[in-house]
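Asks: Kindly generate the corresponding structure for this input.
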Amino acid sequence: MLLVYAMTRATQHGWVTAETIGLLAASAALVIGFVVIELRSKAPLLPMRIFRLRTLSASNISGFLLAGSLFSQFFLLTLYMQQVLHYSALKTGVAYIALTLTVIALSGVAQALATRFGVRPLLTAGMVISGASILLYAQLPVHGHYFWNLFPAFLISGVGLAFAFVPMSIGALAGVGHSEAGVASGLINTSQQIGGAIGVAVATTIATTFTTHYVNAHPGSSPLGAGALMHGFTIAFYALAGIAAVGALVAAFLTESAPPVAAEEEPAEAAVVLEAA
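Replies: Next comes the predicted model:
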């Protein structure tokens, strides 16, 4: 939260001010402190050994990056539809139905494909498709039309999200024993939530910064004008596409082709019971 606060404040006070640098340093110190405490704890909240599982680690990194781009694109698209296209709040919500229904329709397909071909190819493809949809968002015009501009991008985005989130969830539990399944499940959710929060802060910072640059370069323009807003949104969408591309690379090169199977714990527990008897 401190990191998100520092990034949002940086747009007002600058990146090289003492306040911004101090907040960023404090957030880094808190992260390092958490890791040190967990490494030394006898009963850690997050056992660091869990990150030795490559597919689990890659899934969490990809989840962090995908959530960062996903939450941010929803935020920017909502601003685009309401402030540029002048949609009402209700109309904006209805506009997302195409994306939502696509994700729902393809989730079962994604699960079947992940079971047959594995996590790595499907997760990589999902991240690539998600990045491609964000590039389409970067091409949105000031006088955009829903069915010609937004609708195709929503469909592609739905395909990418379905093909990314399903194998990501599977990979986040790959090789984890029963005793640590809860930790792994909580970890992927935490990675996505933190990624989403930081992603929105990054996207907002980029959009605000370049909107301000546009206004400074075009005397008489308004920060709330369609041209200024779209300039900032476009740059932010390109940055989010880059984040999705990094996630695709992580999925392609860090995810194992055949994740390890968790060791069965029940036989060991049964042996203990027999010995006690």
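
Asks: Just to check, Ser57 is in contact with Leu254?
Replies: Yes. When contacts are counted by Cβ atoms under 8 Å, Ser57 is listed as touching Leu254 (6.8 Å). The way it works is simple: take the backbone N, C-alpha and C, and place the C-beta from them, glycine included.

Asks: now for the longest helix along the chain, which elements pack on it?
Replies: For the chain, the helix that runs over the most residues, judged by DSSP state H, is helix 181-217. In terms of contacts (3 or more Cβ pairs under 8 Å, 6 or more residues apart in numbering; DSSP states H and E), helix 181-217 is packed against helix 2-13, helix 54-79, helix 226-254.

Asks: and Leu173, backbone torsions?
Replies: phi -110, psi 0 (degrees, to the nearest 10).

Asks: That one: what's it in contact with?
Replies: 56, 181, 184-185, 188 (Cβ atoms under 8 Å, 6 or more residues apart in numbering).

Asks: any idea how far it is from Val16?
Replies: Leu173 is 43 Å from Val16, where distance means Cβ to Cβ, to the nearest Å.

Asks: List the buried residues of the longest helix of the chain.
Replies: Of all the residues in helix 181-217, those buried under the rule 16 or more other Cβ atoms under 10 Å are 184, 187-188, 191-192, 194-211, 214-215.

Asks: Then stretch 222-240?
Replies: 225-226, 228-237, 239-240.

Asks: Would you format those residues as JSON lines with pLDDT included?
Replies: Compiled in JSON lines, those are given as follows (pLDDT from 0 to 100):
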{"residue": "Gly225", "pLDDT": "90"}
{"residue": "Ala226", "pLDDT": "90"}
{"residue": "Ala228", "pLDDT": "93"}
{"residue": "Leu229", "pLDDT": "94"}
{"residue": "Met230", "pLDDT": "94"}
{"residue": "His231", "pLDDT": "94"}
{"residue": "Gly232", "pLDDT": "95"}
{"residue": "Phe233", "pLDDT": "96"}
{"residue": "Thr234", "pLDDT": "96"}
{"residue": "Ile235", "pLDDT": "96"}
{"residue": "Ala236", "pLDDT": "96"}
{"residue": "Phe237", "pLDDT": "97"}
{"residue": "Ala239", "pLDDT": "96"}
{"residue": "Leu240", "pLDDT": "96"}
